[in-house]
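*Asks:* Give the three-dimensional model of this entry:
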Amino acid sequence: MINFFELDKKENKNYVKLIQSVSKLSRLYSDSSSPYIYYRAMENLFCFCFNAKNLSRSDTAFDAKIYDTGIGLKTFLGENKNYSFEKIAEFNKNSSMIREKTDDKDLAEFLANLRNERIKLAKDIYGISQSQYHIIARRKNLLLFFETDYDEIDISNLRIEKEKGSKNEKSLDFTDGNHLYKFNFSKSTLFRKFDIPQNCHTAEAVIFENPAKLLLSIDEIDYDKISIESEQKLEYVILPLYTVKNKIKIVQERSALNQWNACGRKRDPNEVYIAIPALVRNHFPNFFPERDIPFILKTPLGEVLNAKVCQDNNKALMTNPNKALSNWLLRDVLKLKEFELASISKLEFLGIDSVIVTKEKEGEYSIDVQSWGSYEKFAEKLNADEI
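*Replies:* Numbers count the residues shown, from 1 in each chain. Got it, this is the predicted structure:
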């Protein structure tokens, strides 16, 4: 397990120093004597300092990746206690299936399976073979840095903690012998208990009483003398892996992900395409190259696919050979066997329903999966921009 506090000190990464700097601005957000650190700030600083791949945008089980190690990042208040229950997963899209579970043990097993499958999915997509949490707990004028395991839930050893939770109390507590978990029914959220070790590394947290003065002094900095690497904002689109019929999400049985099952001629079991909705085509008419013009499409593991848009009105994304997209999306991501139909229930169980395609540069794109509801949010934003 990597100790990032020690790695920072050994290689002068400035991680702890930057976290302390963020803590100094706590008065902008809170009157508490405990430092305030927005979780996105922690994620971005961690990835910047340790040259980690930021996975937070994909909303996967991990927040960052270093080589083959997946990292979960957490920061929470630890005042007057040596533990905290922190959210590790949301199952809003699975709420109907959760309500069907009447037995506490069955429900705990179902929740554990949901959690474990999402961890496995992220490991498969991003080539992760080991994982851990890196955590910053915050107390009065103090930052505590430590690591802990990021293991799957041991389903074979589940036990209900009835004295600590029940459906009547709107939560269910259970343990796998390694950690205590709490499921909140109203929020469809799974929490895990994180213990703060006594031997964790610490750093002083100084909080400026009037950080506004510091912000005003930013304009006095001569940026011409500072080398700043400006990142160009990359253009992207989100494509759904489903369609909507009678206001219900469905995966077509004879097209798109199941194009191999279309009527007519005998088709290869790897024949598949991703639909490009009219909404996306209309808002981003020049995002993809013209029809049948090939371009590079990279998977999260760096596999290079030869892709193109095709069909009338450029409404489909395919690869050549077609099985390249099928191998990644149907086999590696959805874990479907040949001739096994993709379904909305499969997507719902895995917590994904769309892909994001990012334009890295002219003729080169990347593709990744997106969490359930991502396309709807993307479409809402596009429609809102028109108002």
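*Asks:* Could you chop the protein up by domain?
*Replies:* Listed by the TED database, the domain ranges of the chain are 4-215, 236-385.
*Asks:* now the ones you listed in CSV, with distance to residue 221 and mean neighbour count?
*Replies:* C-beta here means a position set from N, CA and C on the backbone, and glycine is covered the same way. Compiled in CSV, the domains of the chain are given as follows (distance: least, C-beta to C-beta, whole Å; neighbours: other C-beta atoms under 10 Å):
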stretch, distance to residue 221, mean neighbour count
domain 4-215, 11, 17
domain 236-385, 31, 16
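*Asks:* Could you export the ones you listed as JSON lines, including mean pLDDT?
*Replies:* What follows is the domains of the chain, written out as JSON lines (pLDDT from 0 to 100):
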{"stretch": "domain 4-215", "mean pLDDT": "92"}
{"stretch": "domain 236-385", "mean pLDDT": "92"}
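*Asks:* Check which element follows the lengthiest helix in the chain along the chain.
*Replies:* Secondary structure of the chain per DSSP state H: the longest helix is helix 104-126. Per DSSP states H and E, helix 104-126 leads on to strand 130-139 as the next helix or strand towards the C-terminus.
*Asks:* Give the closest residue to residue 3 in space, chain neighbours not counted.
*Replies:* residue 147 (6.1 Å; C-beta to C-beta, 6 or more residues apart in numbering).
*Asks:* and the helix or strand harbouring the one you found, which strands flank it?
*Replies:* Using DSSP H and E, residue 147 sits within strand 142-149. Applying DSSP bridges to the sheet, strand 142-149 is found paired with strand 130-139 (antiparallel), strand 201-204 (antiparallel).
*Asks:* In a markdown table: those, plus distance to residue 68.
*Replies:* Formatted as a markdown table, these follow (distance: least, C-beta to C-beta, whole Å):
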| stretch | distance to residue 68 |
| --- | --- |
| strand 130-139 | 6 |
| strand 201-204 | 25 |
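*Asks:* Confirm that residue 309 sits in a strand.
*Replies:* Yes. Inclusion of residue 309 in a strand is indicated when DSSP: H, G, I helix; E, B strand; the rest coil is applied.
*Asks:* Going forward, the N-terminal residue is numbered 17.
*Replies:* Okay, using 17 as the starting number, the last item reads as residue 325.
*Asks:* Next up, the contacts around it.
*Replies:* Contact partners of residue 325, counting by C-beta atoms under 8 Å, 6 or more residues apart in numbering, are 292, 304-308, 331-334.
*Asks:* With residue 225 instead?
*Replies:* Residue 225 is in contact with residue 43, counting by C-beta under 8 Å, 6+ apart.
*Asks:* Next, give phi and psi for it.
*Replies:* Note on residue 225: backbone dihedrals following degrees, to the nearest 10 are phi -70, psi -30.
*Asks:* The one 4 residues further on too?
*Replies:* Note on residue 229: its backbone torsions stand at phi -60, psi -40 [degrees, to the nearest 10].
*Asks:* Please determine how far it is located from residue 49.
*Replies:* Taking C-beta to C-beta, to the nearest Å as the measure, residue 229 falls 20 Å from residue 49.
*Asks:* before we move on, the earlier item: export the contacts of residue 325 to TSV and tack on distance to residue 122 and secondary structure?
*Replies:* Listed next are these as TSV, based on distance: C-beta to C-beta, whole Å; DSSP: H, G, I helix; E, B strand; the rest coil:
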residue	distance to residue 122	secondary structure
292	40	coil
304	46	coil
305	50	coil
306	53	coil
307	50	coil
308	51	coil
331	43	coil
332	41	strand
333	40	strand
334	41	strand
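*Asks:* Who does residue 148 form a beta bridge with?
*Replies:* Under the criterion used here (DSSP bridges), residue 148 is bridged to residue 87, residue 165.
*Asks:* For it, give its distance to residue 88.
*Replies:* Distance from residue 148 to residue 88, by C-beta to C-beta: 7 Å.
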